[in-house]
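Novice: Provided below for reference: sequence and predicted model.
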Amino acid sequence: MKAFLRKFSLKMGLRRGLKRLSTRGEGDNIAVVQVSPAFQANGCHVNYGDYAMTVATKQALEKRGFHVHFKGRSESGMSKPQRLRKARLFIDLAGFVYSQKHKSSVRSSQAAEVTLDRVRLFKQWGAKTVIAPQTLGPFGEKNGSLAKACSRLFDEASELYARDSVSLANAISLCPQIEDKAKIAPDTALVYESSKDSGSRATLENLGLVLGDRKKPVVGITLNRQINDRDKSYLTMMERLIRLLKKRGDQVVLIPHERGRYRNERDDQFLSRSLCERTSVPGIFSDGRRTYETERDYIEGIEAAHQHLDLLVAGRFHALIRGVAYGIPTLSVSWAHKYENFYRGLGLEAEEHILSSNDIEEDSTGESSCAKLDRFMDKLEENASLFKEKSEQERTSCYTRFFDAICTS
């Protein structure tokens, strides 16, 4: 019974969240956007990067005159079918699911099948069907269920966008006939606009952090439970990194980018809180049971707070996106090719921007050092100017190469 009630509450949370996100009012210029079904019971996204990507897409489409309706990928059937028949656009906003490296390749193939059914339906109704910029592949064996499902999906879609050159090559290698309709475009989260920008300084200052002190830069860190699941030395590495930053005199704050569906899950919030206790640094946490409104305000608040950091160490891909969107010098701890290729797409050396456990050395006395971090911090002001330049380029590119492109007839 308890499991049933949990499942039911999450299903209702998904429905409430999609309803709140969708454009209110009537209109014939309709875009239907399919999103990850990972929602909390209160109707907010589990992954805050999904939230930024979703809201950014809504903001950009509404500016172009669309009424936007959201569908969860796990939903069966179609609500309001007569209204949705008028849709001009169907957009799949998966982010990272069509890959053998996803936590469940079975779930990935099922996701591709669901999306394929909807692509076919909306094409039948006369809509342009778009696979939004995302990480694609690797797909495993060509006769495997994931590769077959993705090949059919990519072939059927009107347009396909990859976030990087490796993803594009993976997709074309799997399905060569899509070469003319497959392109590269930046992640939609780059153009997300938080409603909490005006009060975002207080989010950090209320933790005792002093902003604007060049001698004591503020360093934000986002953890990733999936890296911890894959590498049991991950938390030890991050603890060493925090202690190293503190020794330098830097101010460190942990900023989780995920909240599990249930409070007892070992999500990013749990890992961050645990590391804060071990290292005596502050964190920005989502405490207790929250309503949709309070959780949404929390998400928008931490997204906006990134702009006041002097350095970000991102364990989540969309934390990296948020850092670049605000022009904040950003390093990463990664496990998938999307991080490396994102940096390369910016014209930066991936190896100099991605930290691993091998980069943090510990001597016989237990003191840690990281030459890569030292090199980056020694040029922090120069890196800040460089990332601001990259931010402007990527945000403009997202609008022109994706949103403007898909909204033309």
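Specialist: Okay, I see it.
Novice: Surely residue 241 touches residue 355?
Specialist: Yes: assessed by Cβ atoms under 8 Å, residue 241 is found in contact with residue 355 at 7.2 Å. Quick note: C-beta positions are derived from backbone N, CA and C, even for glycine.
Novice: shared neighbours of the two, anything?
Specialist: Common contacts of residue 241 and residue 355 (Cβ atoms under 8 Å, 6 or more residues apart in numbering): 313, 370, 373.
Novice: The last one and residue 361 touch, don't they?
Specialist: No: assessed by Cβ under 8 Å, residue 373 is found out of contact with residue 361, at 11.0 Å.
Novice: who has more neighbours, the two?
Specialist: Higher neighbour count among residue 373 and residue 361: residue 373, with 22 against 13, using other Cβ atoms under 10 Å.
Novice: before we move on, the earlier item: kindly reformat the shared contacts of residue 241 and residue 355 as JSON lines containing secondary structure and distance to residue 45.
Specialist: Shown next, in JSON lines, are the shared contacts of residue 241 and residue 355 (DSSP: H, G, I helix; E, B strand; the rest coil; distance: Cβ to Cβ, whole Å):
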{"residue": "313", "secondary structure": "strand", "distance to residue 45": "22"}
{"residue": "370", "secondary structure": "coil", "distance to residue 45": "33"}
{"residue": "373", "secondary structure": "helix", "distance to residue 45": "31"}
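Novice: Please say which of residue 241 and residue 355 ends up with more neighbours.
Specialist: Counting neighbours by other Cβ under 10 Å for residue 241 and for residue 355 shows that residue 241 has the greater number, 24 against 21.
Novice: shaky segments in the stretch 51-200 of the chain?
Specialist: Residues of the stretch 51-200 of the chain meeting the criterion pLDDT under 70: 75-81, 103-106.
Novice: Now do the strands in it.
Specialist: Under the criterion DSSP state E, counting those that start in this stretch, the stretch 51-200 of the chain contains strands at 67-72, 89-92, 128-134, 159-162, 182-184.
Novice: Let me know which of those strands is the nearest to residue 225.
Specialist: Nearest to residue 225, of all the strands of the stretch 51-200 of the chain, is strand 128-134, at 20.8 Å by Cβ to Cβ.
Novice: What does residue 34 show for phi and psi?
Specialist: Note on residue 34: backbone dihedrals following degrees, to the nearest 10 are phi -90, psi 130.
Novice: quick one: the closest residue to residue 298 other than its chain neighbours and residue 179, what's the gap?
Specialist: Closest residue to residue 298 apart from its sequence neighbours, by Cβ to Cβ, 6 or more residues apart in numbering: residue 286 at 5.1 Å. Distance from residue 286 to residue 179, counting by Cβ to Cβ, to the nearest Å: 44 Å.
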